[in-house]
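Trainee: coordinates for the following, if possible.
(one chain, ligands or ions: 1)
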Amino acid sequence: MRADELLKRHSAVISTSRRAPISGWGIECGPGWHEIIDDALTEISKIGRYQVVQIKEKSGRLRIYMTRYDDTIHEIVERAERRSLLTCEVCGRPGQLRQCGAAMVRCDEHVSR
Ligand SMILES: [Zn+2]
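Mentor: Numbering: from 1, shown residues only. Now for the predicted structure:
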């Protein structure tokens, strides 16, 4: 699923504040993590009250930032982060955290790009 489709599908939980980075930059990571994001946003949608302000790659892993947090939200964003550490950010196949200048999760095929 493309990033714009992902944002459209979950628009109910995406912050529309112009100050939210997601308003200006969209999803700031590779397409390999879109399925992880889709699953996390689906869970967040079921809770309702919370909105996403930023989705990005940071220190090689997926980070989802919210307007606020509770234990359930923490669990969802941390689960997504753990999944991203095993998933190639480029293609979504199994990968691992590597140091290629910066930290990044890549499969064997995408390790050098
Ligand atoms: Zn890959």
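
Trainee: in the helix or strand of the chain with the lowest mean pLDDT, what counts as buried?
Mentor: In the chain, the helix or strand scored least confidently by mean pLDDT, DSSP states H and E is strand 96-100, which has a mean of 93. Of all the residues in strand 96-100, those buried under the rule 16 or more other Cβ atoms under 10 Å are Arg98. Every C-beta, even on glycine, is put in place using the N, C-alpha and C of the backbone.

Trainee: contacting residues for Pro31?
Mentor: Arg2, Ala3, Val90, Cys91, Gly92 (Cβ atoms under 8 Å, 6 or more residues apart in numbering).

Trainee: surely the last one is in contact with Asp38?
Mentor: What it means is Gly92. No. Look at Gly92 against Asp38 with Cβ atoms under 8 Å: they stay out of range, at 11.1 Å.

Trainee: up against the ion, what does the protein have?
Mentor: By Cβ under 5 Å from the ion, the residues of the chain that approach the ion are Cys88, Val90, Cys91, Cys107, His110.

Trainee: surely the first one touches Gly32?
Mentor: Same thing as Cys88. Yes. If you go by Cβ under 8 Å, Cys88 and Gly32 touch, sitting 4.8 Å apart.

Trainee: out of the residues of the chain next to the ion, who's nearest Ile76?
Mentor: Nearest to Ile76 among these, counting by Cβ to Cβ, is Cys88 at 21.5 Å.

Trainee: in this structure, which spans are helices?
Mentor: 3-9, 21-25, 34-47, 71-84 (DSSP state H).

Trainee: any chance of the ones you listed in TSV, plus mean pLDDT and mean neighbour count?
Mentor: Shown next, in TSV, are the helices of the chain (pLDDT from 0 to 100; neighbours: other Cβ atoms under 10 Å):
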stretch	mean pLDDT	mean neighbour count
helix 3-9	96	14
helix 21-25	95	14
helix 34-47	97	18
helix 71-84	97	16
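
Trainee: quick one: which of those helices is nearest Glu57?
Mentor: Nearest of the helices of the chain to Glu57, taken as Cβ to Cβ: helix 71-84 at 8.1 Å.

Trainee: circling back: just the CA coordinates of the least confident helix or strand of the chain, formatted as PDB?
Mentor: What follows is strand 96-100 as a C-alpha-only set of coordinates in PDB (Å, rounded to 0.1, in the frame of the first residue of the first chain):
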ATOM      1  CA  GLN A  96      18.200  -7.100  10.600                       C
ATOM      2  CA  LEU A  97      19.600  -3.900  12.100                       C
ATOM      3  CA  ARG A  98      22.900  -3.100  10.400                       C
ATOM      4  CA  GLN A  99      25.400  -0.200  10.600                       C
ATOM      5  CA  CYS A 100      25.800   1.100   7.100                       C
END
